[in-house]
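Enquirer: what follows is a predicted protein model with its sequence.
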Amino acid sequence: MLLKRALFALFMAPLLLAAKPPAAMPDDPLNTILFGEAEPPDDVLAIALSEDGRTLRIEGDIELGAYRKFKRVFADAKTVQRIWLDSSGGLVLEAFLIASLVREAKLDTYVESNCASACTLIMASGVNRTAYARAKIGFHNSIDLDRNGEPVTGRAARKSNAEPDFMQAAAFYRAGIDPAFVDKALATPNASIWEPSHKEMIAAHALTRSIDDEERLKMTGWGVSWPALNAALDRKPLWTLLKAADAGLAEEIVSTSWEKGQKAEGGALGFAERSLISTLFDRIVDAPPALSQRLLALWKNMPAANGTDHSCSATGTGDTALADLVADGLSADEATLIKDALANQTAAPMQNRRKIGKAANTVHEAVGTDTVPVSASDRNRETCLWNRKALAHIAALPADQQAQSLLALHLEDMTE
């Protein structure tokens, strides 16, 4: 019965795409999707054509209006050959209609890092379906939402959730995926996710093949690839120290940066560098006070501390100090400081919350709120310049007050 319903949905898809809007069906969700729903903004769902015109990227949540947005962009993409996917899913009907256009155009599909839930319908619509070796592809069954955006429950849930499951099955059967694989995908509860290996997916004809680092480096697309990101980080002395001391932490930072930092300021590499600085400073400020004192002693002798360095990192106060310190490479003293911070196993003494708050207020009162004038479009630099003024004040304090004041501003930055 499931197969028959799925094939019926597949047969109807081209008719739905070619249909003209009815006179008035305001409560019909299909009518809304096809003819009336506004497009999601780019920060929710980005659909863009590559510079060479051969790849169309779908990145973000497949929300209401996704099909309309895809159809509009796709109409002008005369030379597109491949769909580049990076999405955690969304609405099944929207994805099903997008998949129908992709299948009709006989395009290939590619997953760079993540494709889950409704996104897999689009992936399955490709003639050739490839994925980077580190890409995660996840499946589960559907859940329908009521008009308030809440999951349908009770007796209505079984019937309501069955319809999007039929659409998933239709897309997967049409792709020639092994029925046993489809059964397992749709048996996975919506609250969880099944991420089969690429080997399993290839065996079940869900994926054509998986590409390795060498092939990925030759591809053009968006953002920075995993091997390129690693190569760029390996050229940085700070990263080399971290990998030698804590390979697991380094892997965690690069994975997060690759998956979530592509659209951040400076891209995935900038995201990774900021994460690295922040992580290392956490190690310093969480250590006994002597490490914070050494950081400040090194920093206050730098050009940046005197305002002569034009580069500025818009992070927390202590992060700014460390970023300034390593901006031009690592001196022997700086490298020793980082090594000691990474090797430290002794936590800093517990700090009284009241004293911490008093220390932060003292810095704010002493430094004030005035900074070097900057343009309204450069607020990040303004923040960093204030950080440097605060650091200069803390570095001039008696040694027994420095660590507590630096920790106070660090905790304040974390809670803002």
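Expert: Happy to help now that I have it.
Enquirer: how does this protein divide up, domain by domain?
Expert: What automatic domain parsing lists as the domains of the chain is 2-217, 226-415.
Enquirer: format these as JSON lines; extra columns: mean pLDDT and mean neighbour count.
Expert: C-betas here are computed from N, CA, C, even on glycine. Output for the domains of the chain, formatted as JSON lines (pLDDT from 0 to 100; neighbours: other CB atoms under 10 Å):
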{"stretch": "domain 2-217", "mean pLDDT": "82", "mean neighbour count": "17"}
{"stretch": "domain 226-415", "mean pLDDT": "80", "mean neighbour count": "17"}
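Enquirer: separation between the residue minimising distance to the centre of the chain and Ala360?
Expert: In the chain, the centroid-proximal residue (CA atoms, centre = their mean) is Lys260; its distance is 1.8 Å. Distance, Lys260 to Ala360, by CB to CB, to the nearest Å: 30 Å.
Enquirer: could you tell me how many residues sit around Gly223?
Expert: 18 (other CB atoms under 10 Å).
Enquirer: just give the closest residue to it, not the sequence neighbours.
Expert: Once flanking residues are discounted, Gly223 sits nearest to Gln262: 3.7 Å by CB to CB, 6 or more residues apart in numbering.
Enquirer: wasn't that neighbour part of a strand?
Expert: No: Gln262 is assigned coil when assessed by DSSP: H, G, I helix; E, B strand; the rest coil, not a strand.
Enquirer: please name the residues that touch it.
Expert: For Gln262, the residues meeting the contact criterion (CB atoms under 8 Å, 6 or more residues apart in numbering) are 222-224, 268, 271.
Enquirer: please redo it, this time with the cut-off set to 7 Å
Expert: Gln262 makes contact with 222-223, 268, according to CB atoms under 7 Å, 6 or more residues apart in numbering.
Enquirer: for the residues you listed, which one is nearest Ser87?
Expert: Set against Ser87, the nearest of the contacts of Gln262 by CB to CB is Trp222 (13.2 Å).
Enquirer: what sits closest to the closest one if chain neighbours are left out?
Expert: Closest to Trp222 by CB to CB, 6+ apart is Arg57, at 5.7 Å.
Enquirer: quick one, phi psi at the one you found?
Expert: When quoted as degrees, to the nearest 10, the phi and psi of Arg57 stand at phi -100, psi 140.
Enquirer: that one: what's it in contact with?
Expert: Neighbour list for Arg57: 46-48, 84, 222 [criterion: CB under 7 Å, 6+ apart].
Enquirer: report the beta-bridge partner residues of it.
Expert: Arg57 forms beta bridges with Ala48, Trp84, as assigned by DSSP bridges.
Enquirer: separation between Leu407 and Leu291?
Expert: If you measure Leu407 against Leu291 using CB to CB, the figure is 11 Å.
Enquirer: just Asp61 next, same as before
Expert: As for Asp61, its distance to Leu291 is 42 Å (criterion: CB to CB).
Enquirer: next one: stretch 256-267 to chain centre, how far?
Expert: Mean C-alpha position of stretch 256-267 versus that of the full chain (CA atoms, centre = their mean, to the nearest Å) differs by 6 Å.
Enquirer: make that stretch 186-202, sorry
Expert: With CA atoms, centre = their mean, you get 21 Å for stretch 186-202.
Enquirer: those helices in the stretch 301-416 of the chain, which residues are they?
Expert: Here the stretch 301-416 of the chain has its helices, by DSSP state H, counting those that start in this stretch, at 317-326, 332-343, 353-367, 379-395, 399-415.
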